[in-house]
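[1] Predicted coordinates and the sequence they were generated for:
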Amino acid sequence: MEDFSEFVGLSRPTVSKYFNDPNSVRSSTRAIIEAAVKQSGFRPNIFAVNLNRRRTNILGIIVPNSTDPFYMALTRRIEGIAEQAGYLAFVLSSDGKPQLEERAIETFKSMNVAGVIIGPLGVQSHHEKLRKLGDSIPLVYVDSPLDATSAYVGTNNRQSFKLIVDYLTRSGEPPCYFGMALVNNNALERRDAYTEAMTDLNFEPRAIPIEEHANWDFEKYAFDRTTRILKEGGFPTNTVFCANDRIAFGVVAAAYQAGLKVGRGPDCQLRVAGHDDQPLSRYMCPPLTTVAQNYNEIGRLAIELLFHKLGENQDSKTPLPVDSRILLNAEIKLRMSA
């Protein structure tokens, strides 16, 4: 910036003022600086500038799996809103590993970000580091809360599970439950939500035990596990309710290879349902009956809650709860798989 100021023949404060807001300087000054920028190709180092600011325009996003369609859609929504508000959002993935989640936290601290939206690993997270980060900058959790008091936006699992379990028990055999690996707090909450929904309807919960090596590779794990289950005699009932759609993809693929017809017709041997309504769910064969999370609203409310913490949206028309926890109801999507 010093070199560019000397090159353009203006003071550094004037040049800095232009780069913070081009409209804050006179039009004649702006024309001189823009001509010099074009001639020299100079661009300020946003990271260096960011470190010198008390209030920055960089937001951090940490997701547990960057290839998961749900998180891809969620981050795209958050990035779009951040850009419209004049913020730059950076996305880092923990890839399901606590050490990478910790590294992402340290990276964002070193970047002096204004705030962070995070989908935590939960049971594997370094809770103390996340709490310390939350003491220094605003944090909002999405998809899975860190604990019972953290600011959070996500789906009301109890409502969504009650919705689909009720449908499955009314339309056929009560469902057994194919849970997800204990990769975050959602795994525990969804298992408990299934148990509660079945118990309330006076049915015995039947959960498939999760093997220790299960991880974020949901499709492969579900495919291999289902293949073994079918060879050993099959599921406890002919209805399988999966903790998420990606698990359902693996179950349906394994059933197909075993020669079983999945669906709700009289000639079908297995019903399969999921949760989340991933983008591919409506296009698989058969199309998957599932429960839709509203990732657009989760993303919008998460960044609106973060802006609220930053004092950016005091005029927001969306009422935000005092305890900063927002649970959205889900919508059932009835298709041909169950």
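    Nice, I can see it.
[2] all contacts plus neighbour counts: C-alpha atoms, from now on.
    Will do.
[3] Residue ranges in the stretch 101-250 of the chain under the pLDDT threshold?
    By pLDDT under 70, the weakly predicted segments of the stretch 101-250 of the chain are 122-125, 214.
[4] Neighbours of residue 269, how many?
    15 (other Cα atoms under 10 Å).
[5] how about the nearest residue to it, chain neighbours excluded?
    Closest residue to residue 269 apart from its sequence neighbours, by Cα to Cα, 6 or more residues apart in numbering: residue 261 at 5.6 Å.
[6] Return the residues in contact with the one you found.
    Residue 261 sits next to 255, 267, 268, 269, 270 when contact means Cα atoms under 8 Å, 6 or more residues apart in numbering.
[7] just the helices in the protein please.
    2-8, 12-20, 27-40, 46-52, 69-84, 98-110, 127-136, 157-171, 185-200, 218-231, 245-257, 295-310 (DSSP state H).
[8] Format the ones you listed as CSV; extra columns: mean neighbour count and distance to residue 331.
    As requested, the helices of the chain are exported to CSV (neighbours: other Cα atoms under 10 Å; distance: least, Cα to Cα, whole Å):
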stretch, mean neighbour count, distance to residue 331
helix 2-8, 14, 56
helix 12-20, 16, 44
helix 27-40, 14, 51
helix 46-52, 13, 42
helix 69-84, 17, 16
helix 98-110, 17, 31
helix 127-136, 13, 32
helix 157-171, 19, 7
helix 185-200, 19, 16
helix 218-231, 18, 23
helix 245-257, 23, 14
helix 295-310, 21, 12
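[9] Out of these, flag the one nearest residue 151.
    helix 295-310 (8.4 Å; Cα to Cα).
[10] Measure how the closest one sits relative to helix 69-84, angle-wise.
    Angular relation of helix 295-310 and helix 69-84 on a 0 to 180 degree scale: 50 degrees, by axes from the mean of the first three to the mean of the last three Cα atoms, to 10 degrees.
[11] pLDDT value on the residue nearest the centre of the chain, please?
    The chain has residue 71 as the residue nearest its centroid, 4.2 Å off, counting by Cα atoms, centre = their mean. Residue 71 carries a pLDDT value of 90.
[12] Same question for the one 4 residues further on.
    Listed pLDDT for residue 75 reads 93.
[13] cool, residue 45 as well?
    Looking at residue 45, its pLDDT reads 62.
[14] before we move on, what about residue 335?
    Residue 335 is given a pLDDT of 97.
[15] And for it, the neighbour number?
    Neighbour count for residue 335, taken as other Cα under 10 Å: 16.
[16] still on that earlier bit, dump the helices of the chain into a markdown table; add distance to residue 328 as well.
    Formatted as a markdown table, the helices of the chain follow (distance: least, Cα to Cα, whole Å):
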| stretch | distance to residue 328 |
| --- | --- |
| helix 2-8 | 50 |
| helix 12-20 | 38 |
| helix 27-40 | 47 |
| helix 46-52 | 35 |
| helix 69-84 | 14 |
| helix 98-110 | 26 |
| helix 127-136 | 24 |
| helix 157-171 | 9 |
| helix 185-200 | 14 |
| helix 218-231 | 24 |
| helix 245-257 | 18 |
| helix 295-310 | 8 |
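[17] Pick out whichever of the contacts of residue 261 sits closest to residue 17.
    residue 255 (63.7 Å).
[18] pretty sure the closest one is in contact with residue 262, am I right?
    Yes. Using Cα atoms under 8 Å, residue 255 is in contact with residue 262, at 7.3 Å.
[19] just to revisit the earlier point, give the contact list for the residue nearest to the centre of the chain.
    63, 65.
[20] Distance of it relative to residue 186?
    As judged by Cα to Cα, to the nearest Å, residue 71 and residue 186 stand 14 Å apart.
[21] likewise residue 219?
    17 Å.
[22] ok, now residue 300?
    20 Å.
[23] I'd like to know which of the helices of the chain lies nearest to residue 281.
    helix 245-257 (7.0 Å).
[24] got the contact list for the closest one?
    With contact meaning Cα under 8 Å, 6+ apart, helix 245-257 is reached by 178, 180, 218-224, 226-227, 230, 241-242, 261-262, 272-278, 281, 288, 290.
[25] if I look at the closest residue in space to residue 262 that isn't next to it in sequence, how far off is residue 137?
    Distances taken as Cα to Cα, 6+ apart put residue 270 closest to residue 262, at 4.8 Å, once the chain neighbours are dropped. From residue 270 across to residue 137, the span is 49 Å (Cα to Cα).
[26] and those two? which has more neighbours close in?
    residue 270 (21 against 15).
[27] Tell me, what's the model's pLDDT at that one?
    Reported pLDDT for residue 270: 97.
[28] With the one 3 residues further on instead?
    You'll see residue 273 listed with a pLDDT of 98.
[29] Tell me who's in contact with it.
    Contacts of residue 273 by Cα under 8 Å, 6+ apart are 239, 240, 241, 242, 245, 248, 288, 289, 290, 337, 338.
[30] that older thread, ok, the contacts of residue 261 vs residue 148, which is closest?
    Using Cα to Cα, residue 270 comes nearest to residue 148 of those, at 37.4 Å.
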